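>>> following is a predicted model, sequence given first.
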Amino acid sequence: MTPLRVVGLIGLVFVMSLPVTFVMNKGLPSHVALPDGDDDQECDDPAADLSCLLGLDAAGNGDYDKAIACYTEAIKRYPKFALAYLCRGDAYAAKGDLDRAFQDYDEAVRLDPDNPAIKIRAAAIRSERATR
């Protein structure tokens, strides 16, 4: 394994661990601001939050297909849940499906343009896709 590949893998592990670190330090957000500036609407569906938590657990155990199913359920329940798109993109990236990961990161950026974690992941996937 070349040193460049090792550095790339270390960077990917770091970027993939950001959502877990965020959740451990700050918890899951109780709501996500809508892109049209209507901040008083919240995601009041605890099932969407639960689906994300189940997805985080499944991804942490390496079951990325189950994680993707959980995040997809959260998105069905609340289509403007940027965290669900971000986490589902992480699961797709872990499986090696960079195209789907980028689509989810792109949607997450659209929903939450001020989130630096989303922008970092989107840039990392964009550069990884460019090298393939």
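All right, it came through fine. Residues are numbered from 1 along each chain as shown.
>>> pLDDT weak spots in this protein?
1-4, 6-44 (pLDDT under 70).
>>> find the nearest non-adjacent residue to C70, please.
G55 (3.4 Å; CB to CB, 6 or more residues apart in numbering). Quick note: C-beta positions are derived from backbone N, CA and C, even for glycine.
>>> gap between that neighbour and A48?
Taking CB to CB, to the nearest Å as the measure, G55 falls 11 Å from A48.
>>> these two touch, right, the residue nearest to C70 and G89?
No. Contact criterion CB atoms under 8 Å: G55 and G89 do not qualify, at 11.5 Å.
>>> before we move on, back to that, show the contacting residues for the residue nearest to C70.
G55 makes contact with K66, A67, I68, A69, C70, Y71, A74, A84, C87, R88, A91, according to CB atoms under 8 Å, 6 or more residues apart in numbering.
>>> what comes up buried for the helix or strand hosting it?
Per DSSP states H and E: G55 is located in helix 46-60. For helix 46-60, burial by neighbour count (16 or more other CB atoms under 10 Å) applies to A48, D49, S51, C52, L54, G55, L56, A58, A59.
>>> surely the first one meets C70?
It stands for A48. No. A48 is beyond contact range of C70, at 10.2 Å (criterion: CB under 8 Å).
>>> follow-up on the earlier one: between G55 and A48, which contacts overlap?
A74, A84.
>>> returning to that earlier point: in the helix or strand just after the helix holding G55, which residues are buried?
Using DSSP H and E, the helix or strand that directly follows helix 46-60 along the chain is helix 64-77. Neighbour-count burial for helix 64-77 flags Y64, K66, A67, I68, A69, C70, Y71, E73, A74, I75, R77 (criterion: 16+ other CB under 10 Å).
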